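*Asks:* quick one, structure for this:
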Amino acid sequence: MKNPLPTRLSFTGWDWLGHYGFPIQLAGLAAVLVGSVLFVTPSKPESAVDTASEWSGLAALVICFMGVAALVLKRQRRVLALQHYETRQDAEENRRRLLVLAKNEAWRVGVADSAHVRLHVPARWSDLCWGEMVSVFLDGNCVALNSICDPTKTRPSLASFGRNARNVERVKDALGII
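*Replies:* Here you go, the predicted model:
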């Protein structure tokens, strides 16, 4: 029997843009660099500088920006993978334990239906990131779990500095996953 739990988080709309915004900005910057050379004409064409050297420097810069954008995009896709676990409890007990965890940790509950719980972890003033989003999908005694930098924030972070891993461990402890 196929496991009905998802293997990857999916986003739409502004959440998608929040999650993939940084690599999109890097690719846009590369496009602006190319456009600035293609569409800027010198005021005195007779005294224009040969653009061959400009093109080689620009090409190197664009390749660097696009390479970094591709690496960040690959990382942003990879962090959406959900980890699958089995618990001793059923879905309703797991959901109840997650809501108790959210209350004890002062996490905001975004979604809390029978098959999905989404918790938003607020950032403290001393944190280097803006907060995280913990998603847990429930089906019987199986759970699919992930914590990522919160894409619902105005400027989501790219790095959580270990907070996502700590959030996953807190959820695993609350659900009794070894």
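*Asks:* alpha carbons only for contacts and neighbour counts from here, please
*Replies:* Noted.
*Asks:* which pLDDT does the model give Thr152?
*Replies:* Thr152 is assigned a pLDDT of 81 by the prediction.
*Asks:* excluding chain neighbours, what is closest to it?
*Replies:* In space, and not counting its chain neighbours, Thr152 is closest to Asp15: 5.5 Å by C-alpha to C-alpha, 6 or more residues apart in numbering.
*Asks:* tally up the residues packed near that neighbour, please.
*Replies:* As a burial measure, Asp15 scores 17 neighbours (other C-alpha atoms under 10 Å).
*Asks:* could you say which helix or strand contains it?
*Replies:* helix 13-39 (DSSP states H and E).
*Asks:* in the next helix or strand after that helix, what counts as buried?
*Replies:* Beyond helix 13-39 in the direction of the C-terminus, DSSP H and E gives the next helix or strand as helix 52-78. Applying a neighbour-count criterion of 16 or more other C-alpha atoms under 10 Å, the buried positions in helix 52-78 are 58, 62, 65-66, 69-70, 72-73, 76.
*Asks:* one more: stretch 7-26?
*Replies:* Of the residues in stretch 7-26, those buried under the neighbour-count criterion (16+ other C-alpha under 10 Å) are 8-9, 15, 18-24, 26.
*Asks:* spatially nearest residue to the residue nearest to the spatial centre of the chain, not counting backbone neighbours?
*Replies:* Against the mean C-alpha coordinate of the chain, by C-alpha atoms, centre = their mean, the closest residue is His19 at 4.4 Å. Taking C-alpha to C-alpha, 6+ apart, and ignoring the residues beside it in sequence, His19 has Pro151 as its nearest neighbour in space, at 5.0 Å.
*Asks:* pretty sure that neighbour belongs to a helix, no?
*Replies:* No: the assignment for Pro151 is coil, going by DSSP: H, G, I helix; E, B strand; the rest coil, so no helix is present there.
*Asks:* relative to Ala91, how far out is it?
*Replies:* Computed as C-alpha to C-alpha, to the nearest Å, the Pro151 to Ala91 distance reads 26 Å.
*Asks:* got it, and Leu98?
*Replies:* Relative to Ala91, and taking C-alpha to C-alpha, Leu98 is found at 10 Å.
*Asks:* which one's more surrounded, those two?
*Replies:* Here Leu98 and Ala91 are compared on neighbour count by other C-alpha under 10 Å; more neighbours surround Leu98, at 23 against 20.
*Asks:* next, the contact list for that one, please.
*Replies:* Residues counted as contacts of Leu98 (C-alpha atoms under 8 Å, 6 or more residues apart in numbering) are 117, 171, 174-175.
*Asks:* with Phe65 instead?
*Replies:* Listed by C-alpha under 8 Å, 6+ apart, the contact set of Phe65 reads 26-27, 29-30.
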